[in-house]
Structures are given as structure tokens and as C-alpha cells.
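[1] Pasting the sequence and the predicted coordinates here, then a few questions.
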Amino acid sequence: FYGVGMFLMCWGVKEGRYPPPEPLDKTGRDRWYERLWSSVRLYVKDCFHHPLYWCSFLALGLTNWAGLSGIFAVLFYREELRITLAVQGNVNAVNSALTLLIAMPLGYLVDRWNYFRLTQLGAFAQGFVCILGFFAIRDIPTLLIFGICYTIPKLTLGMGMARVVSAVYPKEKFGQFGSAGAAFASLGAIGLSILAAKFVDVCGNY
């Protein structure tokens, strides 16, 4: 289903026409490493010179980093709460069906309302639900309720962030800024995922 959808999007959505890129200035930089260094320096200067871009990269990074410890959730449910993998799969299926139902109307709201405010609301609501889940998840019904309550703000945050970066990143260099944001988030995830694992080791249980 995903493959068919991606094929139809790539086949049906046509981009506009763009002016040709500016010619590279190769004066005094005939060596390949000099050209490489010049390109890297220009890339960093473009993407990281303004606080607005730093804030958007940080927001994107925090959105990803906040979920790094979530990989241990399946072990927490199985080892601590004795909820089987089959039941977890059924709960995830319910949450996926909920996502399918609310994705379109939620996308409509993100486009029509203040997407910065919706993104903030989604972030705070997701954090609040996670704090409640820490105290409330004890069995299958509470896990199901948590999953439903968590899916809505998570989807709101994800759609809002996609709308925010499309508004913040320069349109003529959107791919470049998108790669910078992804690289920033990925580099942070490398270190923080190790810290998340160490934190679980220190706690002694999931």
C-alpha cells in the first residue's frame, strides 16, 4: 500500500520550474579537497547562521530524541506487566486504525489553523500523556487507553512539525536545510540513545 501510494505521488505530483544554480567559483580552488571544504563551509554557513534555523533544528531534534527510550516499551510491557507480544500487536493495530481515521481531518486543521500553536499544543499534550502513562499503565485496558491518548498528540506534533519546517526553511534550498535538520537530529540521537540505554541499566528495570 505504501509503495503504491509513493509511486502515485511521484508520478502525479509535478514540480515547478526553477532557475539554474549559480556556477561554482573554482578560482584558486582546483584541488578536490579545496572545493569540498568550500562546499561544506558554504553549507554550514547557510544552514546554521540564523537563530531561527537553529531553533527549528533543535525542535526537530528534541521531537526525535524524546522517543529514543520508547524502544524499551515493548520490553516493559512484556517483562514488567506480563502483556504478551500478541496483545501489544493488537493494541498497536488499534492505534494505527485511529491514525488512519484522524490523519486527514487533522491535516486539514494544521493547514487552516495556526500550525505553530498546534505544534506546541501537540508537544505539551504528548509530554503530559507520557507523564500520566508513567503512573497509570498497569494492565491491558490502561495500555489501550494510553495508546489512544498518545496517538492523537503525537500525530498532531508530527504534522505540525512538517508544516513548520515547510514554512521556515528557504524554499529554494529546502532539500539542503532538510538534510541539515536530519543530520543534526541523527547526530544527537547517536549519543542520546546510548545514554537512554545506560539509564535503563541504572534503573534496573524497564
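    Perfect, thanks for sending it. Bear in mind the structure is a predicted one, so any value in this text is a computation, not a measurement.

[2] which ones are touching A189?
    G61, N64, W65, L68 (CB atoms under 8 Å, 6 or more residues apart in numbering). For the C-beta atoms, the positions are set from N, CA and C on the backbone; glycine is no exception.

[3] I'd assumed S186 was in contact with the third one.
    Going back to what we said before, that points to W65. No - W65 lies out of contact with S186 (CB atoms under 8 Å); the separation is 10.3 Å.

[4] Looking at those two, which one has more neighbours?
    The residue with more neighbours, out of W65 and S186, is W65; 18 against 11, by other CB atoms under 10 Å.

[5] Would you mind measuring from the more buried one to F124?
    Per CB to CB, to the nearest Å, W65 is found 16 Å from F124.

[6] Name the residues that touch stretch 191-205?
    With CB under 8 Å, 6+ apart, stretch 191-205 has contacts from W65, L68, S69, F72, E79, E80, Y206.

[7] so how far is L195 from the first one?
    In this case it means W65. Taking CB to CB, one finds W65 at 10 Å from L195.

[8] what about S69, how many neighbours?
    17.

[9] Could you do L155 as well?
    20.

[10] On the three-state scheme, it is what?
    Under the three-state scheme (DSSP: H, G, I helix; E, B strand; the rest coil), L155 adopts helix.

[11] List the residues that contact it.
    So L155 contacts T99, I102, A103, L106, G122 (CB under 8 Å, 6+ apart).

[12] cool, Q88 as well?
    V74, Y77, R78, L143 are the contacts of Q88 under CB under 8 Å, 6+ apart.

[13] nearest spatial neighbour of R163, skipping sequence neighbours?
    Y115 (4.2 Å; CB to CB, 6 or more residues apart in numbering).

[14] wait, doesn't the one you found sit right on M161?
    No - here Y115 does not reach M161: they are 9.0 Å apart, not a contact under CB under 8 Å.

[15] What number of residues are in the vicinity of the residue nearest to R163?
    20.

[16] tell me the contacts of it?
    G160, R163, V164, A167.

[17] Where does the residue nearest the centre of the chain sit: helix, strand or coil?
    Centroid check for the chain by CA atoms, centre = their mean gives N64 as the closest residue, at 5.0 Å. Judged by three-state DSSP, the three-state class of N64 is helix.

[18] Return the distance of L109 relative to G122.
    From L109 to G122 the distance is 11 Å (CB to CB).

[19] Who has more neighbours out of those two?
    G122 (23 against 14).

[20] Surely that one is in contact with R163?
    No - taking contacts as CB under 8 Å, G122 lies outside contact range of R163: 11.1 Å.

[21] Can you get me a residue count around V165?
    Applying other CB under 10 Å, I find that V165 has 18 neighbouring residues.

[22] which other helices and strands contact the least confident helix or strand in the chain by mean pLDDT?
    Sorting the helices and strands of the chain by mean pLDDT, DSSP states H and E puts helix 32-48 at the bottom, at a mean of 85. Counting contacts by 3 or more CB pairs under 8 Å, 6 or more residues apart in numbering; DSSP states H and E, helix 32-48 is packed against helix 51-65, helix 174-203.
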